[in-house]
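Engineer: Would you be able to build a 3D model of this:
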Amino acid sequence: MKQRSLSLWLGGVLFAASVSAAANAAELSLQQTLTAAERYSAELSANRNQSNALNAMADSARELPDPKLKFGIENVPVQGSNGHRFTREGMTMQRIGIMQDYISREKRDRKAEVILAQSASSKARAEVIRATLQRATAQAWLDLALSTKALASARKLVAETKRQAVVQKATVASGSSPASGVVDIHMTLLGMQDKVTLAERDVTLAQTRLLQLTGEQVDAASGAMPRYQRLPADPALLEQGVMEHPEVVQAAREADVAKARSAQSAVAAKPDVGVEVYYAHRADDYDDMAGVMFTVDLPMFRSQRQDKDYSADVSRSREANDQLALAKREHVALVRSLVAEYQYARTLWQRQQKEILPLQRQRLSLLEAQYRSGQSSLAELLDARRALLDAELTASNAEKAVAQAWAAIRYLTPQENTL
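Structural biologist: This next block holds a predicted model:
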């Protein structure tokens, strides 16, 4: 009785788990998948928080530092008959005051401009993250859609071969064909099932990648497929749009940061001023005192300090400009390489789709007709089935290569989730 109750409990747990898994499974379109990936991205969230922090820092950089409260006892004698006494010596004072450092408006503005430039660079970095995320997500989604399609085709061919195996067993049983035919079909099925297993692996890997990117269990791709059969834009237009690529924009923002730092260094030698107002209380026999004190920076060795820092920041600014020029050149080369890869992959896919696959299907149809009429052997028919499966999987891989190259070009810059 206890064993039966345990079995029922385990069965209920497994059923609940399967229902929960089915409820969490999803079929998402490309647009939905891209939206889910951006919503799930911790890197984008971290970047937004960084930008918010920098903006807040820029606001505070324009303010003067907090004033300082100064208090204590001055001129306490440590020797003689008045040693360690607070009321015997006329110079001993209980002193309290307020001190304020005054930093020039120009220096504060230059510091704020550096932080704002860093904030702009952080926002440019967000576009880099978005483009990379969209590219990876679109490629994973396309991989899932096309791998699922290839798996269905492979399973269809295996099912047809299994039906052939049933027929072959019947002919062996009736004595009209040799028993070796059953073994041949079985060996062929094993080889074809290996291909099906590899196709199932590709589907699982794509689902796992989408789970990593979106945080959702995407079991299947739904909705319209993007038009990856042609380039997203003319190659000349793609090259002209290099300046809009987020990596190039980020390099430009980094150059702005370096320029702002050099502007900040240019005014670093301007002296800051500190003002202290104090009141000093002395013993009852002596008058209280008050005063004002000023402190001023003395950049006496400017050529060895501030000028060196300024020179270093100017060199960094020039370095950032060189990095910007390098980024432009690299992205022009990248666009050309991606276009070449896409065109090469599309040529192979079209050849597979329009020439090789039709010929393989035609060959299989002819051999099936000849086999039924006794004009071809079972081995030739099985070889034609294997060849067709291989051709379909090769065509599927070629189509995946086209789709992957298309996504790499399409999402060089972030898109607003439109096909």
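
Engineer: three-state assignment of Q207?
Structural biologist: helix (DSSP: H, G, I helix; E, B strand; the rest coil).

Engineer: List the buried residues of stretch 330-349.
Structural biologist: 331-332, 334-335, 338-339, 341-342, 345-346, 348-349 (16 or more other Cβ atoms under 10 Å). C-betas here are computed from N, CA, C, even on glycine.

Engineer: no wait, stretch 384-401
Structural biologist: 384-386, 388-389, 391-401.

Engineer: what about it, average pLDDT?
Structural biologist: Mean pLDDT, stretch 384-401: 88.

Engineer: just the CA coordinates of it, formatted as CSV?
Structural biologist: The C-alpha coordinates for stretch 384-401 follow below in CSV (Å, rounded to 0.1, in the frame of the first residue of the first chain):
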residue,chain,number,x,y,z
ALA,A,384,20.3,7.3,-53.4
ARG,A,385,18.4,7.9,-50.1
ARG,A,386,21.6,8.4,-48.2
ALA,A,387,22.8,10.8,-50.9
LEU,A,388,19.6,12.8,-50.8
LEU,A,389,19.8,13.1,-47.0
ASP,A,390,23.4,14.3,-47.2
ALA,A,391,22.5,16.8,-49.9
GLU,A,392,19.5,18.1,-47.8
LEU,A,393,21.7,18.6,-44.7
THR,A,394,24.5,20.2,-46.8
ALA,A,395,21.9,22.6,-48.3
SER,A,396,20.6,23.3,-44.8
ASN,A,397,24.1,24.1,-43.6
ALA,A,398,24.6,26.4,-46.6
GLU,A,399,21.3,28.1,-45.8
LYS,A,400,22.4,28.6,-42.2
ALA,A,401,25.7,30.1,-43.4
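
Engineer: Which one of the buried residues of stretch 384-401 is nearest to T413?
Structural biologist: Proximity of the buried residues of stretch 384-401 to T413 (Cβ to Cβ) peaks at A401, which lies at 22.0 Å.

Engineer: The closest one contacts T347, correct?
Structural biologist: No: counting by Cβ atoms under 8 Å, A401 stays clear of T347, with 10.7 Å between them.

Engineer: What's the end-to-end length of stretch 214-222?
Structural biologist: 16 Å (Cα to Cα, to the nearest Å).

Engineer: mind starting the numbering at 4 from now?
Structural biologist: Sure, I'll start counting at 4 from here, so that last one is stretch 217-225.

Engineer: Run through who's touching that stretch.
Structural biologist: With Cβ atoms under 8 Å, 6 or more residues apart in numbering as the test, stretch 217-225 has contacts from 24, 27-33, 36, 39-40, 43, 140, 144-145, 147-148, 151, 210, 213-214.

Engineer: could you redo the last one with a cut-off of 10 Å?
Structural biologist: 24-33, 35-45, 136, 140, 143-152, 206, 209-214 (Cβ atoms under 10 Å, 6 or more residues apart in numbering).

Engineer: and A29, that one's in a strand?
Structural biologist: Yes: according to three-state DSSP, the state of A29 is that of a strand.

Engineer: is it in a bridge, and if so with what?
Structural biologist: Beta-bridge partners for A29, by DSSP bridges, are V221.

Engineer: Nearest spatial neighbour of D259, chain-adjacent residues omitted?
Structural biologist: A120 (4.7 Å; Cβ to Cβ, 6 or more residues apart in numbering).

Engineer: any idea how far K403 is from T200?
Structural biologist: 18 Å (Cβ to Cβ, to the nearest Å).

Engineer: so A148 sits right up against A155, yeah?
Structural biologist: No: counting by Cβ atoms under 10 Å, A148 does not reach A155; the two are 11.2 Å apart.

Engineer: Between these two, which has more neighbouring residues?
Structural biologist: A148 (21 against 10; other Cβ atoms under 10 Å).

Engineer: can you tell me which residues contact that one?
Structural biologist: Counting by Cβ under 10 Å, 6+ apart, A148 has contacts 33, 206, 209, 223-226, 228-229, 403, 406.

Engineer: and with 7 Å instead?
Structural biologist: 224, 228 (Cβ atoms under 7 Å, 6 or more residues apart in numbering).

Engineer: and it, that one's in a helix?
Structural biologist: Yes: assessed by three-state DSSP, A148 belongs to a helix.

Engineer: Distance check, it against I412.
Structural biologist: From A148 to I412 the distance is 18 Å (Cβ to Cβ).
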